[in-house]
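Q: what follows is a predicted structure for the sequence shown.
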Amino acid sequence: MADIHGNLVALEEILGFLEEQKVDQYVCLGDIVGYGANPSECIARVREKECLCVPGNHDAAAVGKTSIANFNKDAKEAVEWTSGQLSESDRIFLMNLPLKVEMDYGTLVHATPDAPGAWHYIYTDLDALLCFEAMQGKVCFIGHSHVPVVYFSGDSVGYTRKPKVKLSKKRKYLVNVGSVGQPRDGDARSCVVIYDDEQMIVETFRVRYNVERSQSRILAAGLPHSLAYRIEFGQ
């Protein structure tokens with residue numbers, strides 16, 4: 001999972017779903033905080049599940065590890081608010097997260113494996129190609145764009161939005177797992193991916209949550225109204 005963004009209501013639904021699926025390991029690809037009204041509580045739930053974690057740009061910004069100069073007005077306001085909500089334990093946790101983790105089944109990073117601390121997005125075939133060249137293994141799991149998609153190598157870079165993808169040992173893959181707390185693909189439901197590393201199958205799931213409850217919490221916290229509005233429409 002990735003891009004929880006302080007949306008505790010959505011996170012609880014996702015964790016409940018994953019418990020039912022009896023997953024072996026929980027992985028969080030960054031941006032636990034930012035935008036939503038429950039940053040500290042989301043960190044606590046991720047830690048309770050012993051998630052293997054890497055930081056996102058909002059996590060890093062909330063503890064002063066990256067600049068917010070390029071953030072838009074609402075994102076800056078949310079980061080500043082979030083920073084004031086974090087406990088010392090929260091700060092230490094976020095500060096110590098590694099930018100990239102290499103596992104037997106693949107690479108874990110928030111943005112891109114070639115420059116994980118630069119917070120680049122994958123917009124073009126060249127962006128994906130540079131990532132493939134930087135990868136040590138065959139599969140890299142990412143977040144950051146809030147849009148679930150699987151890029152694959154070959155004679156040319158391709159991609160698919162199919163919810164279930166069988167991976168081939170002959171290709172390399174970038175698997176964007178979408179967003180738990182602020183989807184941006186026009187679908188307001190939370191998004192999460194389960195990877196069967198034995199069968200090499202990536203499956204994307206959408207889970208409904210109480211959007212109105214999350215909106216109420218955002219507004220009650222005094223965060224920008226746009227942050228409550230957008231989650232209703234998956235924007």
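A: Arrived safely. Numbering: from 1, shown residues only.
Q: would you list the phi and psi of residue 217?
A: Residue 217 has phi and psi values of phi -70, psi -40 when expressed as degrees, to the nearest 10.
Q: make sure it is actually in contact with residue 39.
A: No: between residue 217 and residue 39 there is no contact under Cβ atoms under 8 Å: 11.3 Å. For every residue, glycine as well, the C-beta is placed using N, CA and C.
Q: which one's more surrounded, those two?
A: Ranked by neighbour count (other Cβ atoms under 10 Å), residue 217 and residue 39 place residue 39 first, with 30 against 18.
Q: enumerate the positions of the helix or strand bottoming out on mean pLDDT in the chain that are buried.
A: When the helices and strands of the chain are scored by mean pLDDT, DSSP states H and E, helix 125-134 comes last with a mean of 93. Neighbour-count burial for helix 125-134 flags 127, 128, 129, 130, 131, 132, 134 (criterion: 16 or more other Cβ atoms under 10 Å).
Q: kindly reformat these as a markdown table containing distance to residue 211.
A: Putting the buried residues of helix 125-134 into a markdown table (distance: Cβ to Cβ, whole Å) gives the following:
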| residue | distance to residue 211 |
| --- | --- |
| 127 | 31 |
| 128 | 32 |
| 129 | 37 |
| 130 | 36 |
| 131 | 32 |
| 132 | 36 |
| 134 | 37 |
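Q: identify all contacting residues around the least confident helix or strand of the chain.
A: 112-114, 120-122, 140, 151, 153, 156-157, 159, 172, 174 (Cβ atoms under 8 Å, 6 or more residues apart in numbering).
Q: keep only those of these that are in strands.
A: Judged by DSSP state E, strands contain the following of the contacts of helix 125-134: 140, 151, 159, 174.
Q: helices of the protein, start to end?
A: 8-21, 39-48, 57-62, 73-85, 88-95, 125-134, 211-220, 225-233 (DSSP state H).
Q: just name the most buried of those helices.
A: When these are scored by mean count of other Cβ atoms under 10 Å, the highest mean neighbour count falls to helix 57-62 (a mean of 27).
Q: coming back round to it: could you export the least confident helix or strand of the chain as CSV, CA atoms only?
A: Output of helix 125-134 as CSV, limited to C-alpha atoms (Å, rounded to 0.1, in the frame of the first residue of the first chain):
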residue,chain,number,x,y,z
ASP,A,125,8.5,5.9,-21.6
LEU,A,126,11.9,7.4,-20.9
ASP,A,127,11.1,7.9,-17.2
ALA,A,128,10.2,4.2,-17.0
LEU,A,129,13.3,3.2,-19.0
LEU,A,130,15.6,5.0,-16.6
CYS,A,131,14.0,3.2,-13.7
PHE,A,132,14.3,-0.2,-15.4
GLU,A,133,18.0,0.5,-15.9
ALA,A,134,18.5,1.4,-12.2
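Q: please consider this matter closed, and thank you.
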